[in-house]
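Q: Sequence plus predicted model, see below.
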Amino acid sequence: MVDTKTPGDKTLSVPTKTLTLKPRVETGTVRQSFSHGRTKQVVVEKRGKRRVGGDAPAAETHAPEPAVAKAAAPAKAPIARAAPPAAPPRSNSGVVLRTLTEDERSARASALADAKVRDVEERRLAEAEAKRRNSKEGIEQAEREAAEARRKAEEERHRQDEEAKRKAELEAKKRFGEAEAKAATAARPAVPVARAPGIAADITDEDEGPRQIRRGPGGVARPAVPPKTTAKPAPAKQRGRLTLVTALNADDVRERSIASFRRRTQRLKGHQSNEPKEKLVREVIIPEAINIQELANRMSERAVDVIRLLMKQGAMYKITDVIDADTAQLIAEEMGHTVKRVAASDVEEGLFDIVDDSTDTEPRSPVVTVMGHVDHGKTSLLDALRHANVVSGEAGGITQHIGAYQVTSPESGKKITFIDTPGHAAFTAMRARGAKVTDIVVLVVAADDGVMPQTVEAINHAKAAKVPMIVAINKIDKPDAKPERVRTELLQHEVQVESLGGDVVDVEVSAKNKTNLDKLLEMIALQAELLDLKTNPSRPAEGTVIEAKLDRGRGPVATVLVQRGTLRVGDIIVAGAEMGRVRALINDQGVTIDEAGPSVPVEVLGFNGPPEAGDRLAVVDSEARARQVTSYRAHQKRENAAASISGMRGSLEQMMSQLKTSGRKDFPLIIKADVQGSLEAILGSLDKLGTDEVAARILHAGVGGISESDVTLAEGFNAAIIGFNVRAHKEAAAAAKRNGIEIRYYNIIYDLVDDVKKAMSGLLAPTLRETMLGNALILEVFNISKVGKVAGCRVTDGSVERGANVRLIRDNVVVHEGKLSTLKRFKDEVKEVQSGQECGMAFENYGDMRAGDIIECYRVETIQRSL
């Protein structure tokens, strides 16, 4: 606002317009394109040059300048007086406007000049852009038309070439024949390509390289002559950071990125791959269980297709689910593949029972197992044959281990392998093992004792093994020996000897006097000749583990009977879940040997752990194969143990209900034995001792000495430790003494079983037995002060004792059970009242007695039970 004074001293406010300058900066947006279809919007600023107002031409100055100059005249002139051409501008109220200053006029002139220059520049740029766009569209249109013309010309040229060739061939055939026709066809000139009319000369053919178009000033395109090069030059790809220049030139032709080119190639391949491919039929190996992903990989199929096929059959599966072999076979066959079924047990194929070539076999020694009842002289008979004294080393005079020996026949010079088995009832498994590996069974029966239970068991083992039997009637030197009685008793078990018209050989021998031992060896050799025992000694060895133990100095030791092939030092062996490399071989005489042939018993050192007695031994070619077999067997062993434990345990509710109903008590034990066979016999005997009320609970059973870990385990469960033919280590003995753990040592299985039986009997609840003493009839009831009610009774039968248990019977119903507190005859306390006498009785804490009631007196006896 501008304040102006009039002649009448009036102050008027004149509004003035604010002077502004157009910004010299122009802004705009440009969209950038990147690979994979990505774009980005960028803001671009353009600054113009600033021009000085004095330099502007007069034509560009603002028009109202004369009026502004007139307004600078003195204010004394009358307001209403002014010539019409040069009248100064007035406001609505008739007040003359203020004259502009020199600075304001120069600023306004400069702004007007800049605006004019800017308008001219903008018009020029717009025209250049329109011309460039038109020329670009024209060039593209021309290129499209040229390409179409070239295509049509190429088609026409091919058609003309084919037609000319055909005519030339026909004409040559008519005139010169086949050879001249080919020569004429080869010498025919090429037909020139007709160029479409209106096409500029700067547009080249396809064989002349790519077209290059350069732009001149003003955006006008002009053709560029391509360089004469042998290779086709590719336009350089713009690289580097984004700048203002590159952003303004974004409308130029941009090349495809490498990623875009690859995607296009893949799409083209995908369209071409729609053609049906040839089905690949594969042989699919299917184990016992396989997941869907693995099955699809083996068939080279998609897992989605496999799941779709399963869904059609009504089963929902995930890609990681495991299916059984039958389902996998159905799917593979449905998809057109062949199936080969395999199992985890296939790792054992080829280990045993490989048929030998009949041309490579040689005779081998027979394996004879000596069986019979305990104390019938089996070991004594073998000692007489071997000229040894094994009996003296046996604890208690009985055999508790299985033994293997070789004896040379004095007549034929051939070797015979004998296996000595225990005769005690606990060693059933040992006898069965001996019968399985044998060729001939020698049944030893004492002439003075006859057929006993273990004799019958030995007969059954021999029949199950389907091996011939020879009966040796021992102890014929005793006065009460009755060999005929033995032959007769054997008939009851379907064993008919030759002397009674049968086919079983019997020999009367005396181990003590060494009578008829040569005849027994002769019969064994004869029976072996009839069996025609042959094997191939050069093949890898096979055998059976007869016994195994853990020696503190030598480690795991296994007694092995080699049945086929030859076992050598350094062989990699597998027996059960254990493997190893043979470090040493020791024969029955304790001599170290380098190899053991068929039918030779040896001790084998080198196992990783003691194998189970009865396991079959085999030699494998590599440690990898041995690990594969042992890992499979160990897995099977763990699964069987877990199944048996889970079957015994059941659910928690079942366990609680069993405890409530049965109330069975456990007798915890830790058992360590010298060999596997003895441990097996002990466990079997203790298992038979169990009843519904008490049973032996074996926390741990193993082969070897008693260690500190055994003592720690026994301390946790308050268990007893039993050592059979083993001793505790020094540290273990000290720990057991310090913690109060009992360790018992045994060397005879009878004593071990009897002691455990007595200890388990102590856990049995005692039996309560009632003994009737007599009855008394209540005649009158007296109420005595300071004593209470006293019944006057007459003893009708038996006797009544003070302190005995009594029942009060009223109308044949027991109304009270308790004890007598007082028994008097007249005024004296007595211990007993006989039948027919009268007495006074009082009950403990009970006084409801009536005349006519009957008092029954009895005594309770506690009887200790035993297994």
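A: Sure thing, it's come through. Residues are numbered from 1 along each chain as shown.
Q: Kindly state the beta-bridge partners for Gln32.
A: In this entry, Gln32 is beta-bridged to Lys40, by DSSP bridges.
Q: where's it relative to Arg262, distance?
A: 22 Å (Cβ to Cβ, to the nearest Å). The way it works is simple: take the backbone N, C-alpha and C, and place the C-beta from them, glycine included.
Q: Test for you: state the pLDDT assigned to Leu490.
A: On the pLDDT scale, Leu490 is placed at 88.
Q: Next, Ile748: phi, psi?
A: As for Ile748, its main-chain torsions (degrees, to the nearest 10) stand at phi -130, psi 130.
Q: what's around it, how many residues?
A: Ile748: 17 surrounding residues under other Cβ atoms under 10 Å.
Q: cool, the one 5 residues further on as well?
A: Counted with other Cβ under 10 Å, the neighbours of Val753 add up to 20.
Q: quick one: contacts for it?
A: 426, 682, 685-686, 689 (Cβ atoms under 8 Å, 6 or more residues apart in numbering).
Q: what's the strand of greatest length in the chain packed up against?
A: Counting residues, the longest strand found in the chain (DSSP state E) is strand 767-784. Judged by 3 or more Cβ pairs under 8 Å, 6 or more residues apart in numbering; DSSP states H and E, the packing partners of strand 767-784 are strand 788-798, strand 800-801, strand 838-843, strand 854-863.
Q: Neighbouring strands - and their directions - for the second one?
A: Yep, that's strand 800-801 we're talking about. Strand pairing (DSSP bridges) places strand 800-801 next to strand 832-833 (antiparallel).
Q: Quick one: residues in contact with the strand it pairs with.
A: With Cβ under 8 Å, 6+ apart as the test, strand 832-833 has contacts from 795, 799-802, 823, 825, 839.
Q: now swap in stretch 481-495 and tell me
A: With Cβ under 8 Å, 6+ apart, stretch 481-495 has contacts from 443, 445, 447-448, 450-451, 456, 459, 469, 471, 473, 475-476, 496-497, 499-500, 502, 504, 506, 508.
Q: and if we set it to 7 Å?
A: 445, 447-448, 450-451, 456, 459, 471, 473, 475-476, 497, 499-500, 504, 506, 508 (Cβ atoms under 7 Å, 6 or more residues apart in numbering).
Q: Ok, stretch 766-778 next?
A: Defining contact as Cβ under 7 Å, 6+ apart, one finds that stretch 766-778 is touched by 791, 793-801, 804, 835, 841, 849-865.
Q: and the strand or helix carrying Gly716, what other elements does it pack with?
A: Counting by DSSP states H and E, the element that carries Gly716 is helix 708-717. Counting by 3 or more Cβ pairs under 7 Å, 6 or more residues apart in numbering; DSSP states H and E, the packing neighbours recorded for helix 708-717 are strand 665-673, strand 694-703, helix 730-739.
Q: Given the next helix or strand after that helix, what are its sheet partners and their directions?
A: Next helix or strand after helix 708-717 toward the C-terminus (DSSP H and E): strand 720-724. Here strand 720-724 has these sheet partners by DSSP bridges: strand 665-673 (parallel), strand 743-746 (parallel).
Q: What residues sit buried inside the shortest one?
A: Residues of strand 743-746 classed as buried under the neighbour-count rule (16 or more other Cβ atoms under 10 Å) are 743, 746.
Q: let's have the chain start at 22 instead
A: Understood, numbering begins at 22; the last thing we discussed is strand 764-767.
Q: Show residues contacting that strand.
A: Contacts to strand 764-767, defined as Cβ under 7 Å, 6+ apart, come from residues 727, 741-745, 748-749, 757, 773.
Q: Can you verify my assumption that Ser887 contacts Leu784?
A: No: look at Ser887 against Leu784 with Cβ atoms under 7 Å: they stay out of range, at 11.0 Å.
Q: Which one of the two is surrounded by more residues?
A: Leu784 (15 against 9).
Q: if I look at that one, how far off is Arg506?
A: Per Cβ to Cβ, Leu784 is found 44 Å from Arg506.
Q: Can I get stretch 541-550 in PDB? Just the C-alpha atoms.
A: Presented in PDB, the C-alpha positions along stretch 541-550 are these (Å, rounded to 0.1, in the frame of the first residue of the first chain):
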ATOM      1  CA  LEU A 541      34.700-146.500  19.600                       C
ATOM      2  CA  LEU A 542      37.200-144.600  17.400                       C
ATOM      3  CA  GLU A 543      36.900-147.200  14.800                       C
ATOM      4  CA  MET A 544      33.100-146.900  14.700                       C
ATOM      5  CA  ILE A 545      33.400-143.100  14.500                       C
ATOM      6  CA  ALA A 546      35.700-143.400  11.500                       C
ATOM      7  CA  LEU A 547      33.500-145.900   9.800                       C
ATOM      8  CA  GLN A 548      30.500-143.700  10.300                       C
ATOM      9  CA  ALA A 549      32.500-140.700   8.800                       C
ATOM     10  CA  GLU A 550      33.400-142.800   5.700                       C
END
